[in-house]
Structure formats: C-alpha cells, structure tokens
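K.L.:
next come a sequence and a model predicted from it.
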Amino acid sequence: MKAMPTLEGGLRIDAEDASDWELLRCVIGDAQGCEHDLASRLGAVIDEAAGGLDWNEYVVPDLREEFNDALAQVGAAIESAIFHAEGGPGPLWITPEDVFPWYSSFNQARLAIEEHFKFSSTLNIDLETLTPERQAALIRSEFYSDIQNLLLKYVMR
C-alpha cells in the first residue's frame, strides 16, 4: 500500500492487492472492537463533580452519533473504492472536504486497539514477544497513526 498527498490538497491511498483492502476494512472493525464505544469511554472519564452526569446525558449521545456517522462514511468510501477496483489494485481518495470523518475513524480504531491491548501503557514494544494477534493489532495501530500523521501534515493544514 502506498499513500501520497495530492495536488488538490488531499491524500491518495493506493491499494496494491486484496490484502491492502482488507487492512483498510479493519479500520471499521477495530473502531467498533471495544466493549464500550469511544463516546462512552470518554464520558466515563468525566467524574460526577465535573458534570459527568450531564456529559453522559447530553454530550455522549451526540458524540456517539458523530463517531458512528464518520465510520459509516469511511466504510462506504472503502467499499466503493474496492468495488471500482474490482478487489484488485486501485486508489482510494481522501479529499480535504472528507478529511474529518477519515481522521476520526482512524483515531477511533487506534484508540480502541490501544484500549483493548493496553499498548499505550507499554513503551518500546518488541514484536517478537507478542502473540500473532497482538502483533497484527500493533501493526494496524501504527498504520492508523501513520495515516493520521499524513492527514495532519498534508490535508488538515
């Protein structure tokens, strides 16, 4: 898979084969992979004295809807790109107008992986000491972070 900025201020991701498309599809599954969604996890951080009850009642539902809408938009864009590429090599375009749902989706996926596997509490992880499942999750998390960095650098300027 290759990713590069476009002259129009977006990002182009070129899938080179079916496994690249599967990696991109993992964004949705990973984002939804925790027992509690990101909106609920964020709401749980706000204690009652700081307005936690109001946060959970008024903010969390809107956050959840926004996060789910971003995932739906990104999932549809990935499936559309796969369809047009007939499952083989092909491009996926992220335009400046669509960058926020993409950034949100990669962020949700990365945070869910880190929450599930507790990667954020570990520094300098040695891949050889991890199970294959944890290795794959760490690689996906790093991939999501790399794409987020490209979006920040080239699209969200």
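P.N.:
Happy to help now that I have it.

K.L.:
in contact with the residue most central in space within the chain, which residues?
P.N.:
The residue lying closest to the centre of the chain (CA atoms, centre = their mean) is F106, at 1.6 Å. Residues in contact with F106 (CB atoms under 8 Å, 6 or more residues apart in numbering) are 27, 144-145, 147-148, 151. C-betas here are computed from N, CA, C, even on glycine.

K.L.:
so how do I select the buried members of the residues you listed in ChimeraX?
P.N.:
Buried subset of the contacts of F106, written as a ChimeraX selection, criterion 16 or more other CB atoms under 10 Å:
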select :27,144,147,148,151
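
K.L.:
between the contacts of F106, which sits nearest G10?
P.N.:
L151 (9.3 Å; CB to CB).

K.L.:
quick one: E142 and I113, what's the gap?
P.N.:
Using CB to CB, to the nearest Å, we find E142 at a distance of 10 Å from I113.

K.L.:
out of those two, which sits in the more crowded spot?
P.N.:
Neighbour count, other CB atoms under 10 Å: between E142 and I113, I113 has more, with 26 against 14.

K.L.:
how about the spatially closest residue to the more buried one that is not a sequence neighbour, what does it touch?
P.N.:
Nearest residue to I113, sequence neighbours excluded (CB to CB, 6 or more residues apart in numbering): S141, at 4.4 Å. By CB under 8 Å, 6+ apart, S141 lies in contact with 109-110, 113-114, 119.

K.L.:
most neighbours among those residues, which one?
P.N.:
Neighbour counts for the contacts of S141, by other CB under 10 Å, peak at A109, which reaches 28 neighbours.

K.L.:
which helix or strand contains that one?
P.N.:
helix 99-117 (DSSP states H and E).

K.L.:
one more: I13?
P.N.:
Going by DSSP H and E, I13 is part of strand 11-15.

K.L.:
against which helices or strands is the top helix by length along the chain packed?
P.N.:
If you go by DSSP state H, the chain has its longest helix at helix 60-84. Under the contact criterion of 3 or more CB pairs under 8 Å, 6 or more residues apart in numbering; DSSP states H and E, helix 60-84 touches helix 18-31, helix 38-45, strand 90-94, helix 99-117.
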